[in-house]
Structure formats: structure tokens, C-alpha cells
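Undergrad: I'll drop the sequence and a predicted model, then ask my questions.
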Amino acid sequence: MTNHLLNFFTVIDNQGGIIVRDAPKFDLDLYIQNYRGRTRFDRLFLIGRSSVPLCVDALKAATAEAKRGRDTQRYREVVEHLRIAAPNEPEATFDQAWLESTESANRNETHRLTAELKGYKNNLIKESIRMGNEDLGKHLESIGDLNGAAESYSKMRPDVSTPKQIVDVGKHLVRVSLQRREWSMVSAHLSKMGGNQNSEDEKTLQPYIKIVSGIALMGQERFHEAAIAFLAADAEVAASHYNEVASPNDVAIYGGLLALASMDRRDLQTKVLDNSSFRTFLEREPHIRRAVTQFVNGRYSACIATLESHRPDYLLDIYLQKHIPKIYDEIRNKCIVQYLIPFSRVKLDTMQAAFGGPDKFVEDELFTMIKAGTLKASVNTIDKLVTTVSPNSRLKMQADALETARSYEKQAIDRLRRMSIAAADLEFKGQRRTGGMHGLGASVDMFDETTV
Amino acid sequence: MDHRAAMDHCASVLLAFPPASELADNEQYHKAVRLHIQKVEKLMAENGPAFPAYAENLLGVIHPADHSISYLALLQSLLTRDTPIQGGLLPQITTFLMTFDPRQIRYVGLAFSSLLKTVSGGELFPASVAGDLLATALLRIDPSGSVLTSHHIAAVNLAYETDNVDPVLPLIEKTIVFYPGVKSTESRYPCDMESSPVAYVTPESGLTTKLTSTAVLQYDLLCGMCFMQKRLWRQAFDALERVVTYPTKDVGCSKIMVEAHNKWVLVGLLLNGKTPTLPPITGQSAQKAYSTLGKPYSSIGKAFEKDTAETLKAEFESLGLRFWAEDGNLGLMQLVLSHYQRWQIVNLRDVYTKISLEQIRKRTQSAETGGQLATGDEMKALVQSMIDDGMLNGVIETPADGTPAYLTFIEPTEDLSEADFAAQLLLTARRMKDLGPIVKATNERLAMNRDYLRAVIKDQRREKDGLGRDPVAQFDTSIEDEDLMTGILPGR
């Protein structure tokens, strides 16, 4: 690693960013070809900020991508990064002329569109107002003013007249919300899009809705629901209908990983492997399919190894990055639970060989899992055994019965006591406050004497 | 009458009360006692200032258990006379309080109360003796210990203030279910041995005075603190919970309740290793007050449940020793801190069957230092002390081959045999059955309650009017009952 890169990643580390040292298995150019729209820049920029081997390439590609657009803020940002990471590259200096011309063009365009919109509004022609808002929204989005864009797009809504337009408004708003990482807004906008379509349109829209809602659910860590959404996406529809958000490969990865993290073996078999539509997606990412098959077949350590080898790839994904540790943990936990099911006791060493690593002690993991209640087992560190605990239902029943009896008795006495207090007119009476003073909701009598 | 004859006369009057076996029934007993009291009073009035002088000599003649009323009269006259009695009276008072006949005393409550007050005043006897005497005397009057009296409060106050908790433990361990202040509806004679203590321990009989809600709250809080001194966490927790859930009317919450709540949270941590949840019967306004005024304590509770000790230590230190000292909870807080690691170790039982001491050292932290224990020896000492306290069910084993020592958790309990289990359930059932008389007494008392009667009359009138059950009209009449029944939820 050159000194510059080292400095760069120290800065990123201090900002709390994730750093991926291993080279991913994909090719950057091929990868980015799968997408269109603003997500291309976002993805390149994220890879540039995270991946050590791809850093400079990705940042350079991002610079080029930014220059193709009109968002000067992005350009500044990526060049700033590149100046630290690779100051000797030609792209690392600001193209001042381009910046100035673009910025002034942007300003003029904003002016023009705003003025136009004003004109439409005076004429009170609904369709023109809608289009004026749409144009302004698109323009603002392209120059990076997402707040303004969201506002313009939502102003389109009162003037829509056809189902197609409803969908368009929805897509615009969803796109902006996705860029702003407002997952619940994404879901809200999506819910307004469905229905009222002729079957053809609906069919092409289906994967878009499923995929975007999957991403939104994933953003809210609702993994199981997200997995179901991804698995339902229709593979027949061309990727161009949704590739401004995600590629078919992404669908396979998101769906597969989340299903692994949140479904049991039977569901994995019926809903993932036997799912003919999803199979088409899975063919693009054969190792995900392999990992699922391995899990279903009970080869847990192989499954984990397959996933581990692709961890760098997934860590460079714009939507997955944040959730990978959690998803992987859940998959591992499930593997460990499933692994232990057929046994009554397992040697700790065997488990260490299956799940541990040189710096990863399976005992620590077992400790957390048992404590959290995900695993019913106990560990004997002296004889190096993991014993699965079968609940002693009789003991539990007895304890419950005695506890019920005890609490029943306590409640009975308690109630008698309270009735007595009431009968003797001994309830504590707070001073009724007049004048709407309800700040505390309860007045605490500070004047009753305390001897303690 | 000369001196000698007067004294003889006194003795004959005082001894005139026949033994209970000669009185056929309660009615006769009642009449005989009434008559006897009249005579004694008359005697004291007749002899005037000379009576105490006789009394001193008569004490030796009258038996405190057989003629408790007479004996009490003698004591009273000696205690109220201007020249204080020389130390000689203490043994007599002691004997009297330990042996008096509770049936007779039911008729002379006021005099008896004033004697108890003298004792609880703390000047006559050393506090430890006074506590013992009060507890014994009160339990002789009401062996069930189910009625709270003003003397209970004085006794527990004395015990707590002078740090003499042991003597009153038998008294404060009783379950209080009755409180004085309800108009008695008892038709039986006070001497009826069948009647519930609530019938004769009343302000009217003089055996207690009327109480205020503050006094009741204070009693339970003091009980809690006494139990805390003896490290009886379960009892302390229950006592404090009684304060926390004390019924309130209107918007209001006593300062005592807030104070109790804070202690209750900490005791709950010591007892169960986790923050207690407020029982559903807790009053609404009280809950609000607890959540605002008890905030430092609930954050301590949250921190206690964390996996590392740092938060707890930080929470404790951020408020400073002074805060906890001013709240009167510094000692308790320090115990909570020291118990944090103990509970961590106990909770290891869920994960491990055997674990080396070294691993325990690595896995647990002390909340006092915020870090792990420094040496294995410290660890061993801590685990051993926990085993000795009975907090931890396990053994430390040191293998002969020199491998490090480890802890083996012993399985909680083997399941009970069917017979043992049935016996335990039966025990509870029996205790429930024992509540029968209390339920009956409560029922009788409530049946005469003004509010209840008003509701019944209204109900009857409504039925007569044929209005049926109008939910709106029902509301204001049923509200009183609702107060009583707050928290009646489907049995857990």
C-alpha cells in the first residue's frame, strides 16, 4: 500500500467507514455496467472509499461518472478523496473550467424551469404544471439537490391523471428516498404505487416494487420480510426496468443471503431452491446457490466457508455493507443451532474445527448465543463438551405450579390488604391541584413527614 | 380504716375477679369483667393519693397472669405518681407484659396502651429489651399479627432508630391485612375468643389509635429498612413493594412512596439480579412519579443488566457519592455494585456446567473497579464466599494433577417426587384456607361500608325503576369498587 493510500484509509477509518482489504471477485467495469442512473456514482464512490485494491480505479471511474453528470458537489467530493488517495493522478486536480461552466448552467436551468413552472401555474393547466414540476424535480435531482427534488416530485401528485403518471411520481419519489436512505419513506411511496394498472404494466412493474421494497425492509433490518420480497421478484422482466436501483445479480445475492439468515431448512428448499422464478436470478450468482444448497444439506461449515470467501464482494455493496456483519452472524448462529440438533453432546474441539478459526473461538460465540436464548445448550469447558439441553418439562411444570400457587396467595393477601385500606379510608390522598398544573401528572406531596 | 385494713380491702377487691373457668359463657365473662373494672376504678378513686403506696406492696400479692386487669391498674398508678419509682418496677412490668391474660386486657385497652407507650418511649428499658417486650405483648394480644396498631409503628421505629432489629422481627414478619379505623360492626362480646382480632383491636377499645396513611406507609418502609439491615432481601422487597403499590386516591404520590420505590429497585437488583417490574396494581400517578423521580435508579437498573460493568460504574459515579448519600442509599448502592459481579457469575450457570476459575475471571467484571479481578486468588475467594452464602449452587474443584481449579455448577433441583410436590401445593392450599376468617372479616366490614351500601341501594332502586344496566349511570356508582379491585387481572 502506498503512503497516500495508507493516509487515505486512516482518514476513512477515523470517520468510522468500513475498510475491505481483500480484493473482491468481480470486475469493476463489468460490475458497473449493470446499472444506470445516479446509483452508478454512489456505488463507485462507495467502492472507492472501502476497497483497498480498487480504491484508485473506482475513484477515477467515479470522477469520470460525476463529470458526465451535472452534480458539481459530487465531483468536488470525489476529487477531494482522490487528492488524498492518489494525488499524482491527472483526475486529482479540479477541472475549474468545467466546474464553473456547469454551475452557472445549472443555475440558469433552475431559473428557467422555475420561471416556466410559474407560467404554467398562472395558466392553470394541470398537465403543464405536472410536467413543469417533473422537469424541475429531475433537474434538481441531477444537480444533487435531493430535498428540492423530493419537494418538486411530491408537488406533481395533485395533478396526475393517469395510472402511468402515478407510477412515475412514485418511482421518482422512491428513487430520491433511496438516495437519502429514508427506508420508511421508500415503503410509504411504494404503497401508493400499486393497483389500477393494466396487466402488462403491472407485470413490468412487479420486480421493481418487490426489489425496492426488499431493499427498504433490509434497511430497516426486517430481514425475513425483505427476503420474501426479493424471492417474489419476477425474473422474466428485463433488468432495464429496475437497474437504476439494483441488478439481477444483486437480487440473487440479497434474496439468497437474507433467506439464509431468516429461514429454516424446509423454507430454503421450497421457497429458494425450488422457486423457478428466483432460480433464474440464482443462476447469475452460482455460489449463493451453492451456499443455500450446502445449508439445506447440512454441510454448515462448507456453507460458511463459501459465504466467507465472498464477504469482500458483499461488503462493497451499497445496500448490504452495513448489514453484512449482522446477516453473517445470524447465518452462523443458525448453522450452529442446526449443527447441534442431532446430537446430545458434541466435543468443543469438533465445533471449533467446524465453526471456529485461528482467531475466532466458537466458545465465545456459544456463550453469546446461549445467553441470548438462541441456543439451548450448556458448555463444559473442563471436559470440553457442548451438551444440548432438553428442557425438563416436568421440573418446569412443577416450578410453574408452585410459582402460580405462591403468586395466587400473594395476590389474595394483597387484595385483602387493599380492601382493608380502602375500608379504613386510609388511601393516600394527593392534594388536588387547581389551575391546570399537570406538568408532572402527579403531585408529589413534599410535606409529608419522613422520619428516615 | 387503718392502713392495714385499707390494704386488705384493696387486695380483696383486686383479687375478686373469678378465674375464667368459673364463668360459664361469654356473656357472664363480659358482665364480670365490667363489674370488676368498675370496682377497681372506684377503689382507686376512694383511696386517692394513698393508693400508689398500697400498690407497691400489693404487686407482690396479685398474680399478673390471673388478675391482669388489677395488676395493670397497680402498675398504672405507680407509673403515674409524682415520685418516680425506683428501679424496682422494671421486673414487674417485664413479667406482666410477658404473661398477661390477653382476654382481660381487651377491656382495658387505654391503660394497656399507655403502658406500652411508656415502654416504647425508650426511657424505661434499654431499646433491645423494649423491642422484645413490645413484640411479645402485641403478639399476645393478636397472635395472628394481622392488625396494624399504633404500637407497631412505635416499636419498629424504636428498633430501627436504635439498631435493635432482631427483637421485633417476629412482629414485623407477620402479614398485616387489617387497619384500624373501620366502624366496628361486631355484635359479639370483646371477650369472645372466636372473634377476629379486628373486632377488639380498635381505636374504640383503646388498643390502638387511629392511623394516617403516612403512618401506614412509614411502617412498611421502616419494616423494609429493618429487613435490609438484616439482609433479608426477600422480606425487604415485599415490604417495600407494599409501599410502592399503596393505593392512592386522586392524583398523588407520597414522598415516602418515591423513597421506597428507589430502595425497592435496588433491593430487587440484589435479590433477583434484575430490575423489578412495577406490579400492575401500582397507581397511575405513582407510576408517573416513579418514572420521573426515580430516573437515576432505573438507569442503575438498566446498567446492572448490561454485560459489562462499565456502564454501572459510570452511572454510579456520574451522580457522585453525595447524591446517593443524600438519598440515604449509599450503603445499598455499594452493595449493588459489589453484587454485580456475583450475579454475573450466577448467570454463567445458564451457559456452563463446568468452567475454570480463570475463565470466570475473564468473563466477569467487578462494578467497583470496572474491570476484571486482578488475581485468581481473589476470584476463588469471591466464588467461595458466594457458595458459602448459598447464592451459588456449586463446588470449586481442584484437580489433583495440577490443572487449574474449576467451578462445577450443581443442577438446580432434581424434580420433586409426586408426593413432595403434592405436599407443597397442599401447604399453599392450607395457607389459602387460613385466609378464610380474614376474608370473612373483610367481607363483614365491607358489607357495612357506607359507600358500598349506597351503591347497593342505588342498584336496587335502579332495578325497581326497570332501567336495567345503563353503563353511563353505572359508572359513578361503581367507581368506588373499581378502586378496590384495581389490578384484578386474569390470574397469572
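TA: Now that the structure is in, tell me what you want to look at.
Undergrad: from now on I want contacts and neighbour counts done on CA atoms only, so please keep to that.
TA: Fine.
Undergrad: can you pull the residues of the stretch 51-200 of chain B lying near chain A?
TA: Residues of the stretch 51-200 of chain B lying close to chain A (Cα under 8 Å from any Cα of the partner chain) are B:Ile176, B:Val177, B:Phe178, B:Tyr179, B:Pro180, B:Gly181, B:Val182.
Undergrad: can you map out the helices along the stretch 301-450 of chain A?
TA: Here the stretch 301-450 of chain A has its helices, by DSSP state H, counting those that start in this stretch, at A:311-315, A:324-340, A:348-355, A:362-372, A:393-423.
Undergrad: only the buried residues of the last one, if you could.
TA: It stands for helix A:393-423. A:398, A:402, A:405-406, A:408-409, A:411, A:413-423 (16 or more other Cα atoms under 10 Å in any protein chain shown).
Undergrad: please enumerate the strands of the stretch 201-350 of chain A.
TA: A:345-347 (DSSP state E, counting those that start in this stretch).
Undergrad: where does it dip in pLDDT?
TA: The stretch 201-350 of chain A contains no residues with pLDDT under 70.
Undergrad: now A:Leu375. Nearest residue, chain neighbours left out?
TA: Once flanking residues are discounted, A:Leu375 sits nearest to A:Met369: 5.6 Å by Cα to Cα, 6 or more residues apart in numbering or on different chains.
Undergrad: likewise A:Ile331?
TA: Per Cα to Cα, 6+ apart, closest to A:Ile331 is A:Ala261, 4.6 Å.
Undergrad: burial count for that neighbour?
TA: Neighbour count of A:Ala261, defined by other Cα atoms under 10 Å in any protein chain shown: 22.
Undergrad: and what of B:Ala367?
TA: By other Cα under 10 Å, the residues close to B:Ala367 number 24.
Undergrad: with the one 10 residues further on instead?
TA: Residues lying near B:Asp377 (other Cα under 10 Å) number 12.
Undergrad: and it, what helix or strand is that in?
TA: helix B:376-389 (DSSP states H and E).
Undergrad: touching that helix from outside, list them.
TA: Under the criterion Cα atoms under 8 Å, 6 or more residues apart in numbering or on different chains, residues B:Arg342, B:Leu357, B:Glu358, B:Ile360, B:Arg361, B:Leu373, B:Leu392, B:Asn393, B:Gly394, B:Val395, B:Ile396 lie in contact with helix B:376-389.
Undergrad: what do you get if the cut-off is 7 Å, keeping everything else the same?
TA: Residues from elsewhere that reach helix B:376-389 (Cα atoms under 7 Å, 6 or more residues apart in numbering or on different chains): B:Leu357, B:Glu358, B:Arg361, B:Leu373, B:Leu392, B:Asn393, B:Gly394.
Undergrad: next one: stretch B:56-65
TA: Applying Cα under 7 Å, 6+ apart, the contact partners of stretch B:56-65 are B:Ala11, B:Leu15, B:Tyr71, B:Leu74, B:Phe96, B:Thr99, B:Phe100, B:Asp101.
Undergrad: for chain A, what's the nearest residue on the stretch 51-200 of chain B?
TA: B:Val177 (4.4 Å; Cα to the nearest Cα).
Undergrad: I figured A:Gly356 was touching A:Glu365, is that so?
TA: No - taking Cα atoms under 7 Å as the definition, A:Gly356 is not a contact partner of A:Glu365, at 9.1 Å.
Undergrad: ok, the residue of the stretch 51-200 of chain B closest to chain A to A:Glu283 distance?
TA: 74 Å (Cα to Cα, to the nearest Å).
Undergrad: against A:Phe230, how distant is the closest residue to A:Ile304 other than its chain neighbours?
TA: Once flanking residues are discounted, A:Ile304 sits nearest to A:Arg332: 7.0 Å by Cα to Cα, 6+ apart. Look at A:Arg332 and A:Phe230: by Cα to Cα, they are 21 Å apart.
Undergrad: look up how far A:Ile215 lies from A:Leu59.
TA: For A:Leu59, the distance to A:Ile215 - Cα to Cα - is 25 Å.
Undergrad: and what of A:His81?
TA: 28 Å.
Undergrad: these two: which has the busier surroundings?
TA: Counted by other Cα under 10 Å, A:His81 and A:Ile215 do not tie: A:Ile215 has more neighbours, with 29 against 22.
Undergrad: report the contact partners of that one.
TA: A:Ala226.
Undergrad: distance check, it against A:Pro207.
TA: Counting by Cα to Cα, the gap from A:Ile215 to A:Pro207 is 12 Å.
Undergrad: of the buried residues of helix A:393-423, which ones also sit close to chain B?
TA: Applying Cα under 7 Å from any Cα of the partner chain to these, one finds that A:Leu402, A:Ala405, A:Glu409, A:Leu416, A:Arg417, A:Arg418, A:Met419, A:Ser420, A:Ile421, A:Ala422, A:Ala423 fall near chain B.
Undergrad: re the thing from before, count the neighbours of the residue of the stretch 51-200 of chain B closest to chain A for me.
TA: Based on other Cα under 10 Å, the number of other residues close to B:Val177 is 22.
Undergrad: so it sits against A:Leu416, correct?
TA: Yes - taking Cα under 7 Å as the definition, B:Val177 is a contact partner of A:Leu416 at 6.2 Å.
Undergrad: quick one: secondary structure of the closest residue to B:Glu310 other than its chain neighbours?
TA: Excluding the flanking residues, the one nearest B:Glu310 by Cα to Cα, 6+ apart is B:Gly370, at 5.2 Å. Look at B:Gly370: counting by DSSP: H, G, I helix; E, B strand; the rest coil, its state is coil.
Undergrad: contacting residues for B:Gly370?
TA: Neighbours of B:Gly370 in contact, by Cα under 7 Å, 6+ apart: B:Ala309, B:Glu310, B:Lys313.
Undergrad: same for the helix or strand hosting the last one, what does it pack against?
TA: Under the criterion DSSP H and E, the helix or strand holding B:Lys313 is helix B:310-326. Using 3 or more Cα pairs under 7 Å, 6 or more residues apart in numbering or on different chains; DSSP states H and E as the contact criterion, the neighbours of helix B:310-326 among helices and strands are helix B:295-304.
Undergrad: so for the helix it packs on, mean pLDDT?
TA: The average pLDDT within helix B:295-304 is 90.
Undergrad: tell me if that helix is near chain A.
TA: No - using Cα under 7 Å from any Cα, helix B:295-304 stays clear of chain A, coming no nearer than 13.6 Å.
Undergrad: quick one: the strands in chain B, in order.
TA: Along chain B, counting by DSSP state E, strands occupy B:248-249, B:253-254, B:352-356, B:394-397, B:406-409.
Undergrad: out of those strands, indicate the one that is most buried.
TA: Each of those was scored by mean neighbour count; the highest is strand B:253-254, a mean of 29, by mean count of other Cα atoms under 10 Å in any protein chain shown.
Undergrad: now do that strand: distance to the chain's middle.
TA: Distance of strand B:253-254 from its chain centroid, counting by Cα atoms, centre = their mean, to the nearest Å, is 20 Å.
Undergrad: no further queries at this time; thank you.
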